[in-house]
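Engineer: Any chance you can model this:
(4 chains)
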There are 2 protein chains.
Amino acid sequence: MLRISKLTDYATVILASLTAGVLTSAAEIAERTRIGLPTVSKLLKELQHAGLVDSVRGARGGYRLARAPALISAADIIDAVEGPVALTECAGDDGHCGIEATCQVGQRWQQVSLAIRSALAALSLDDLLTRTGQFDPPDLRQASAGTAWRPLVRS
Amino acid sequence: MLRISKLTDYATVILASLTAGVLTSAAEIAERTRIGLPTVSKLLKELQHAGLVDSVRGARGGYRLARAPALISAADIIDAVEGPVALTECAGDDGHCGIEATCQVGQRWQQVSLAIRSALAALSLDDLLTRTGQFDPPDLRQASAGTAWRPLVRS
DNA sequence: CCAATCAGGACTATCTTAGTACTATAAAGG
DNA sequence: CCTTTATAGTACTAAGATAGTCCTGATTGG
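Structural biologist: Now for the predicted structure:
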């Protein structure tokens, strides 16, 4: 249930392997992480599009984090790689799902989706790397509209 | 990101359409929910396997909730339909993923996975049906081992 | 017995995911 | 100014998951 894709996991590993401020080539990253170079390349391009890394072209070029690890959230990474797919089909952009009329739960899944999303948005790359401590099972039953989330179109 | 499958959504709608204690045939449920009969049938079988509904065979047979809606959790439904798939590949049964040696984040995703899971386990079918109120963006950064979760093999 | 209804599979399109390949563009450095 | 080292962009393919269908067998009420 509720999985993130392998590529998102890779992306996290890749971001984690970058030292803040230091320019690193895709080849170097591939070597460090043991993920295939073509895959690393592809992911870095997507992360660049999403603004999570900066790129420098040409000889001696490479990639580096666009901002501090504390300012990159799990949700950012997921969005960058998977696009803002929602929990249910109807929770997407202009949510319609065929059984809308008889569906009594759509709204609710949507809210659960938003809650989980907010939680992931509050979880930084730094947090992911810190080994100590664990997670609170969050309470999904109670209120708070949460940050409105504008689904963006994946290019 | 982080989606549940259409079938899980359907399953929720189906469960929601059942009146506690009342026996209802698959055909009747299909009509009520406007989901195709073969699909409804298939899902009800899975829900029966998972012990979320009871079935009665033969003429005048049908399905009914195995227990009160308050005692059926979102996690139960997801497990029943999708099986206990984990957030990352490595988070599964005997988690190995090829880049294990260099992977610094696996553990953490796993904990996030468990936290979300606990949250979904605490969310009942009743909660999903209640329209009022909204959800708290849960805090995934802080501690608590949470309920250990034994992945079961899907039959 | 017969009709209604669930049980259990097997099967098939379609979509998504993961991974690859190729060409173009940019910068560094002799 | 040309070669080398990189990223940018995009197209493509194979494998797997998802959604949905269909058929045959078992059970029960009337």
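Engineer: can you tell me the helix or strand for A:Leu7?
Structural biologist: Assessed by DSSP states H and E, A:Leu7 sits inside helix A:6-17.
Engineer: So which bits of that helix are buried?
Structural biologist: Neighbour counts using 16 or more other CB atoms under 10 Å in any protein chain shown place A:6, A:8-17 of helix A:6-17 among the buried residues. For every residue, glycine as well, the C-beta is placed using N, CA and C.
Engineer: Now that helix: average pLDDT?
Structural biologist: Helix A:6-17 carries an average pLDDT of 92.
Engineer: check whether it contacts DNA strand D.
Structural biologist: No: taking CB under 7 Å from any atom of the strand as the criterion, helix A:6-17 and DNA strand D are apart, separated by no less than 10.6 Å.
Engineer: if we can go back for a sec, quick one: the buried residues of helix A:6-17 as TSV, columns for distance to B:Leu2 too.
Structural biologist: As requested, the buried residues of helix A:6-17 are arranged in TSV below (distance: CB to CB, whole Å):
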residue	distance to B:Leu2
A:Lys6	14
A:Thr8	10
A:Asp9	13
A:Tyr10	17
A:Ala11	15
A:Thr12	14
A:Val13	19
A:Ile14	20
A:Leu15	18
A:Ala16	20
A:Ser17	24
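Engineer: restrict those residues to contacts with chain B.
Structural biologist: A:6, A:9-10, A:12-13, A:16-17 (CB under 8 Å from any CB of the partner chain).
Engineer: ok, A:Leu43 touching A:Thr12?
Structural biologist: No: using CB atoms under 8 Å, A:Leu43 is not in contact with A:Thr12; the gap is 10.0 Å.
Engineer: still on that earlier bit, which of the buried residues of helix A:6-17 sit farthest apart?
Structural biologist: Greatest spatial distance among the buried residues of helix A:6-17 (CB to CB): A:Lys6 and A:Ser17, at 16.4 Å.
Engineer: what is the orientation angle of the helix or strand bottoming out on mean pLDDT in chain A with helix B:6-17?
Structural biologist: Within chain A, no helix or strand scores below helix A:106-121, which has a mean of 77 by mean pLDDT, DSSP states H and E. In terms of direction (axes from the mean of the first three to the mean of the last three CA atoms, to 10 degrees), helix A:106-121 departs from helix B:6-17 by 130 degrees.
Engineer: Now the element after helix A:106-121, going C-ward?
Structural biologist: helix A:125-129.
Engineer: Can you show me the strands along chain A?
Structural biologist: Using DSSP state E, the strands assigned to chain A run over residues A:53-56, A:62-65.
Engineer: what about the last one, near DNA strand D?
Structural biologist: Yep, that's strand A:62-65 we're talking about. Yes: Strand A:62-65 is in contact with DNA strand D by CB under 7 Å from any atom of the strand, via A:62-63.
Engineer: got the CA positions of that strand in CSV?
Structural biologist: Taking Å, rounded to 0.1, in the frame of the first residue of the first chain, the C-alpha atoms of strand A:62-65 are listed here in CSV:
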residue,chain,number,x,y,z
GLY,A,62,27.8,19.3,-12.6
TYR,A,63,25.0,19.6,-10.1
ARG,A,64,24.7,20.9,-6.6
LEU,A,65,21.8,21.4,-4.2
